[in-house]
Every structure is written in structure tokens, then in C-alpha cells.
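Asker: Fold the stuff below for me.
(chains A and B, ligands or ions: 2)
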Amino acid sequence: MSSPATSPPALSISGLTKRYADGTLALEDLDLEIPAGSFFGLLGPNGAGKTTLIGAVCNLIRLSGGEIQIFGRPGTGMAARRMIGIAEQEPNLDKFLTVYETLLYHGGYYGMDRSEASERAEQMIDAFDLRAKRDVEAPKLSGGMRRRLLLARALLHRPRLVILDEPTAGVDLELRHELWRYIRALHEQGTTILLTTHYLEEAEALCDEIALISGGRIVARDSAEGLKRTYGVDTLEEVYLRTVAGGRIALDVMEEVE
Amino acid sequence: MNPLPPVDVEPHPWRGLAWLTRRECHRVLKLWKQTILAPVISSLLFMVVFGLSLGDSIAEVNGFEYRVFIVPGLIAMAMAQSAYSNNSSTIFQARNDRYLDDILSAPMSAWQVHLGYLAGGAMRSLIIGVVLAALALPITGAPLEQPLALLLSVLLLIGGFGALGIIVGIYAQSWDNQSFINNIVILPLIFLGGVFYSVNRLGSPWEQISHLNPLFYVVEAMRYGFLGAADVSPWLSLGVVGAITIALLAWAQILFATGHRLKP
Ligand SMILES: Nc1ncnc2c1ncn2[C@@H]1O[C@H](COP(=O)(O)OP(=O)(O)OP(=O)(O)O)[C@@H](O)[C@H]1O
Ligand SMILES: [Mg+2]
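Answerer: Numbers count the residues shown, from 1 in each chain, chains lettered A, B, ... in the order given. Ligands and ions are numbered 1, 2, ... in the order given. Presented below is the predicted three-dimensional model:
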């Protein structure tokens, strides 16, 4: 679903820099704009800075520099945070809460009232096939169930921008396809999605735009087709190998093509 | 089932605070054997062993029977330790397992998160204090002379030790760090702060040294609230405890506001 041209971008990042306390420069003067309503893929090798970028957007790291806006609202404000739902790379579930409570309390933290949060929690329990585990605490769930609960929690408060950091890592084939279906349907309903993944076929199947990140910088950005055309190759994998295998070389190639 | 479209809702940070408070209280009650029962039993044991058995062989202290004299300090000790250890462990767990992120990314301001985390230790400490007082006052015959002063000292104690727990929970590198602070700092200082004796009787220089111990004023403030008498003026003890509490709350607030050690 595309949004009117007048609506501000879902995510607008300018000059984002993050240097961790140990000196690691994880993001360097990064600019990125994700239009409202898009299904956006962020691809890059281990350590490229994907999780750091997501953390910056969700108030989970301290920025070293730069600015972030969510649907035109300042990223540090409450309104912006209310509009984001995040499923982190590593499942981080409250070990004192059951599946139902995890969802209920999350709704509460995000400002929903009790009856609304409770109703929504039950919906998500059904949608993510967790009914049999409704009253089980998070540490007693299997890995795949935790992953599902993590997603259910991210979506519970019906955010406009959903950020999924490797949602399908370590997930079996069947569940992966179910998740794809669900996330696609979510996108069709008007939710903007930012997805990171190491499965290139997943990115190609789902995303209408892809950015490649390497060494804390965006090195290329286009639709999957556009990227293949630009680099004159047949698969996204080849694009990936050319760009992020050596970010500098990739930039040179891009300039030549342009 | 088909997903629903996104909705635009105003953020309600107050509700977030209410739910975080609930979550913290939920944790305390879920673990009630460790969080409430164990500290109540150990304080009662102190009262029985020191008060009722030794009590007869010890002369009155400052005009009070010994078993009455030790009640306020023991209640203060139990309340201080529970407010501290509750908050240090809940914050440490939330940081360590990273489920703190669900709070940090939620639309709540720093001081709302701060208040929510203070709430669990406050509730736990209050339950313990009320249960201990309800048992100890009738058994020992200890009075409750200055309810307002007692209320004020309880609030300061809960705020101060709760904030200290949060600070240690935020700085702790490992699980052991918090119990280390409890065993090496809080417990000895509170014992030396005159839970079991009147520091007036120590004589120079131990009396003067005891007056440098901040926890001495915590015990004195609580003792004044219960017994209506103490070694130093209640204004002095409430003043010292109040100043320390405000400083600790400010420190904890700065940690939440800057994200120092909470966020990489
Ligand atoms: N807490 C931290 N302290 C110091 N350095 C960090 C921290 N977190 C990440 N880094 C470093 O920042 C860089 C980017 O890491 P990040 O987690 O953002 O990568 P990523 O693209 O998500 O990788 P992956 O695909 O493996 O998840 C890496 O060099 C990493 O070692
Ligand atoms: Mg990552």
C-alpha cells in the first residue's frame, strides 16, 4: 500500500554516527530515508551495523551524533516511540511473565488500557499459535515459540513502523513461511516494515527496497531488480558479494555505472 | 487470522508507569517466599534471640527495656535491605537479560521509568515493615510514639535505599556485586549504626566515629519515630537521611536520563 506523497517518511536518519565506549565505530555519518508504507530490507554482513542502526532508532543506544525522525516526529519524543514496534535480534523476554502477561504488560508500557491490551494479547496469542502456552513463562518456551512471542509483542500495540532484526534466524521452514505471510499481510494493511536478514531470497521475496550496509555505511540502495541492473548481475547474491565484500570498491563501481 | 492495520494513538506515559509499577510489584509477590517471608523470619529471629533471651540479662538502654530498644533498628535494617536488594536485583536482571529494552523503547520518560523501578522495592519494604511492626510491637510492648516522624523516616529510607539499589543494579558487572555491597557496606554500617546498642555508651572516640556513619542516622530516625526518644535530635537525623536520599535519587535519575550503563 502506498501512502500519499505528502506524508513524511516513516524513518529519516541523517548524519547518524555511533562510536561504542570501546572505540568501535559502528555507524559513520549515515543517512537513510524509508518512505511511509514501504517494505524495506537492510542487508549486510555480520558486524556491518544493522543492529546498531536499529538500536539508535528505538532509543536502545546512545547516539554519538546525528538525527532521527519517525513519521516527521523527533526520534527522542514519546510520539515517535509509540509508533515503533521492535523485535530484537536476540529474544529478550521478561522471565517473570507468562506469554499472556508478556503481551499484556507490553501493551501497558506502550500506553494501552487494560481491556484493550488484554483483548489484543488474546488476538496475538491466536495469531501466533501460542494458545497452548498462554500461561507458560517465557523461559519455558522453545526457541521458535520465543521468536513468535517476540514478534507478537512487537506488533501488539499496532505500530506504524515495525522493525524486525533477523526475525527468521533459527526458525524452521514452515514457520518462516508463515511469518512471511503474516508480515506481508501486515504490510498490505499499511504498516511500514524494516527488516534485516541474512537470507537474500527472503529479502528479494518480501522487500520492495533494499539497502546494503557495510562498515557502518550504506553502500547501495534500490529495489532488488534495480540493484541487479546497476551491477549487471543476475542474482541479489552477486550484488551482495560485490558491494559488501569491499565497501570501497563497491562505491567506485557505483560511480562508474552512474 | 489477518493482521489489523496500524493505529495512531497518543502516548500515555502515565499508564506506562502504572504498568511498570505493577510489573515490579508482581515480581515481588511472585517470589514472596524470598522477598517477604525470609527477611521477616530472619528479623524475628534477631528479635527473639537478642531481645527475649538476652533481654533479661541486659539492663535498660536509655530508659527502655532492651527487647523494646532493638525493635526500631531491626525493622529499619530489614526495610533498608529489602528496598536495596529488591531494586538492585530487578534492574540487574532486566539489564542482563536485555528485557529492559522493552521499557527503554516504550513511550515513557526517564523519571517515569525511575519511579516504576522504585515502586517494587518500596512495596516490598513497606510490607516487611508493617508485618514486622504488627508482630513485634505487641510481643515486645514497644510503643509507636511519633507516627508522623516515623512515616517521614520510612519514606526517606525507602527512597534512599531504593535509589541505592537502582544505582548498584545499573553499575553491577555481575550478580555478586550487589550482595557484595550489601554484605560489606550496608549490613556492617547498619550494625555499627547502633541497632543493638546506644552509641552514646561507646565513649570516645567510638561515639564520634559512629556519628560519621550515615546509617546511624537512619536507625536514630526510626528509633525516634517508634520510641519518641533517640541519641541525637530527630531534626538532625531526618536532615542527614533526607540529604543523602535526595542525592541518591538525583544520581539514579541522572543514570536513567543519560542512559549511562543502561544503553551501550
Ligand atoms: N555493545 C557494544 N559494544 C562495543 N561494540 C559493539 C557493541 N555492539 C556492537 N558492537 C560493534 O559494532 C559493530 C556493529 O555491530 P552490529 O551488532 O550493529 O552489527 P550487525 O550488522 O547487526 O551484525 P549481525 O549481522 O552479526 O547481527 C560491530 O563491530 C560490533 O562488534
Ligand atoms: Mg545484528
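
Asker: Smallest gap between the stretch 1-150 of chain B and ligand 2, at which residue?
Answerer: Closest approach between the stretch 1-150 of chain B and ligand 2, counting by Cβ to the ion: B:Arg98, at 13.0 Å. The C-beta positions use only the backbone N, C-alpha and C, and glycine is treated the same way.

Asker: Is it correct that that residue falls within a strand?
Answerer: No: under DSSP: H, G, I helix; E, B strand; the rest coil, B:Arg98 falls outside any strand and is assigned coil.

Asker: neighbours around it, how many?
Answerer: 15 (other Cβ atoms under 10 Å in any protein chain shown).

Asker: Report pLDDT for it.
Answerer: On the pLDDT scale, B:Arg98 is placed at 95.

Asker: just A:Met254 next, same as before
Answerer: 51.

Asker: ditto for A:Pro9
Answerer: Predicted confidence (pLDDT) for A:Pro9: 96.

Asker: picking up where we left off before, now do the contacts for the closest residue to the residue of the stretch 1-150 of chain B closest to ligand 2 other than its chain neighbours.
Answerer: Using Cβ to Cβ, 6 or more residues apart in numbering or on different chains and skipping residues adjacent in sequence, the residue nearest B:Arg98 is A:Asn92, 3.9 Å away. Shown in contact with A:Asn92 (Cβ atoms under 8 Å, 6 or more residues apart in numbering or on different chains): A:Leu150, B:Asp97, B:Arg98, B:Tyr99, B:Asp101, B:Asp102.

Asker: Doesn't A:Asn92 lie inside a strand?
Answerer: No: counting by three-state DSSP, A:Asn92 is not found in a strand; it is coil.

Asker: how near is it to ligand 2?
Answerer: 13 Å (Cβ to the ion, to the nearest Å).

Asker: Counting neighbours, what do you get for the closest residue to chain A within chain B?
Answerer: Closest contact between chain B and chain A, by Cβ to the nearest Cβ, is at B:Trp19 (2.8 Å). Counted by other Cβ under 10 Å, the residues lying close to B:Trp19 total 27.

Asker: Can you list the neighbours in contact with whichever strand or helix holds it?
Answerer: Secondary structure assigned from DSSP states H and E places B:Trp19 in helix B:13-30. Contact with helix B:13-30 is made by A:78, A:94, A:96-97, A:101, A:105, A:108-113, B:35-36, B:86, B:90, B:103, B:106-109, B:112-113, B:115-117, B:119-121, B:123-124, B:127, as judged by Cβ under 8 Å, 6+ apart.

Asker: three-state assignment of B:Ala133?
Answerer: Once three-state DSSP is applied, B:Ala133 turns out helix.

Asker: my bad, should have said B:Asn200
Answerer: Classification of B:Asn200 by three-state DSSP places it in helix.

Asker: what do you get for the one 4 residues further on?
Answerer: Local secondary structure at B:Ser204 is given as coil here, using three-state DSSP.

Asker: Check it and give its pLDDT.
Answerer: 81.

Asker: how close does it sit to B:Ser210?
Answerer: Distance, B:Ser204 to B:Ser210, using Cβ to Cβ, to the nearest Å: 11 Å.

Asker: which one of the two has more residues nearby?
Answerer: When B:Ser204 and B:Ser210 are compared for neighbours, B:Ser210 comes out ahead with 20 against 7, by other Cβ under 10 Å.

Asker: Spit out the contact partners of the closest residue to chain B within the stretch 51-200 of chain A.
Answerer: Nearest to chain B, among the residues of the stretch 51-200 of chain A, is A:Gly108, at 2.8 Å (Cβ to the nearest Cβ). Shown in contact with A:Gly108 (Cβ under 8 Å, 6+ apart): A:Arg114, A:Ala117, B:Arg15, B:Gly16, B:Ala18, B:Trp19, B:Leu20, B:Arg22.

Asker: quick check, distance from stretch B:71-86 to the centre of its chain.
Answerer: 6 Å (Cα atoms, centre = their mean, to the nearest Å).

Asker: Tell me if that stretch is near chain A.
Answerer: No: judged by Cβ under 8 Å from any Cβ of the partner chain, stretch B:71-86 stays clear of chain A, getting no closer than 12.8 Å.

Asker: Check stretch B:174-194 too.
Answerer: No: Stretch B:174-194 lies out of reach of chain A by Cβ under 8 Å from any Cβ, never closer than 14.0 Å.

Asker: Please enumerate residues in contact with that stretch?
Answerer: So stretch B:174-194 is contacted by B:73, B:76-77, B:80-81, B:84-85, B:88-89, B:92, B:96, B:161, B:165, B:168-169, B:171-172, B:199, B:210, B:213-220, B:231 (Cβ under 8 Å, 6+ apart).

Asker: So A:Ala220, which state does it fall into?
Answerer: Secondary structure, three-state DSSP: A:Ala220 is strand.

Asker: Near it, how many other residues are there?
Answerer: Residues near A:Ala220, counting by other Cβ under 10 Å: 24.

Asker: Which residues does it form beta bridges with?
Answerer: A:Leu212 (DSSP bridges).

Asker: Could you tell me which residues make contact with the residue nearest to B:Val7 when sequence neighbours are not counted?
Answerer: Among residues not flanking B:Val7 along the chain, A:Arg158 sits closest, at 4.6 Å (Cβ to Cβ, 6+ apart). A:Arg158 makes contact with A:Gly85, A:Arg120, B:Leu4, B:Pro5, B:Pro6, B:Val7, B:Val9, according to Cβ under 8 Å, 6+ apart.

Asker: give me phi/psi at A:Arg158?
Answerer: Note on A:Arg158: its backbone torsions stand at phi 50, psi 60 [degrees, to the nearest 10].

Asker: Let me know the pLDDT of it.
Answerer: Confidence score, pLDDT, at A:Arg158: 96.

Asker: what's the answer for A:Met1, then?
Answerer: 45.

Asker: go on, A:Ala5?
Answerer: 54.

Asker: Likewise for A:Met124?
Answerer: Per-residue pLDDT puts A:Met124 at 96.

Asker: That one is in what secondary structure piece?
Answerer: Secondary structure assignment for A:Met124, by DSSP H and E: helix A:114-127.

Asker: Could you check which helix or strand contains residue 238?
Answerer: The chain I'm using is chain A. Here A:Glu238 sits within helix A:236-244, counting by DSSP H and E.

Asker: switch to chain B, that's the one I care about
Answerer: Here B:Leu238 is assigned to helix B:234-258, by DSSP H and E.

Asker: Where does A:Leu16 sit: helix, strand or coil?
Answerer: strand.

Asker: what's the neighbour count on it?
Answerer: 24.

Asker: In space, what's closest to it - neighbours in sequence excluded?
Answerer: Nearest non-adjacent residue to A:Leu16, counting by Cβ to Cβ, 6+ apart: A:Gly66, 3.5 Å away.

Asker: With adjacent residues omitted, what lies nearest to residue 122?
Answerer: Chain wasn't specified; assuming chain A. A:Tyr100 (7.7 Å).

Asker: wrong chain, I was asking about chain B
Answerer: B:Ile158 (4.7 Å).

Asker: residue contacts, that neighbour?
Answerer: B:Met79, B:Ala83, B:Leu118, B:Gly121, B:Ala122, B:Ser125, B:Leu126.

Asker: The last one looks like it's in a helix, true?
Answerer: Yes: remark: B:Leu126 belongs to a helix, assigned using three-state DSSP.

Asker: picking that back up, might one say that the residue of the stretch 1-150 of chain B closest to ligand 2 is in contact with A:Glu90?
Answerer: Yes: at 6.7 Å, B:Arg98 and A:Glu90 qualify as touching, with contact defined as Cβ atoms under 8 Å.

Asker: the helices in the chain, which residues?
Answerer: Going with chain A. A:50-57, A:78-82, A:99-109, A:114-127, A:143-155, A:173-188, A:200-206, A:224-231, A:236-244, A:247-257 (DSSP state H).

Asker: My question was about chain B, not that one.
Answerer: With DSSP H as the criterion, chain B has helices at B:13-30, B:32, B:38-46, B:66-96, B:100-104, B:110-140, B:147-171, B:175-181, B:187-190, B:206-210, B:214-227, B:234-258.
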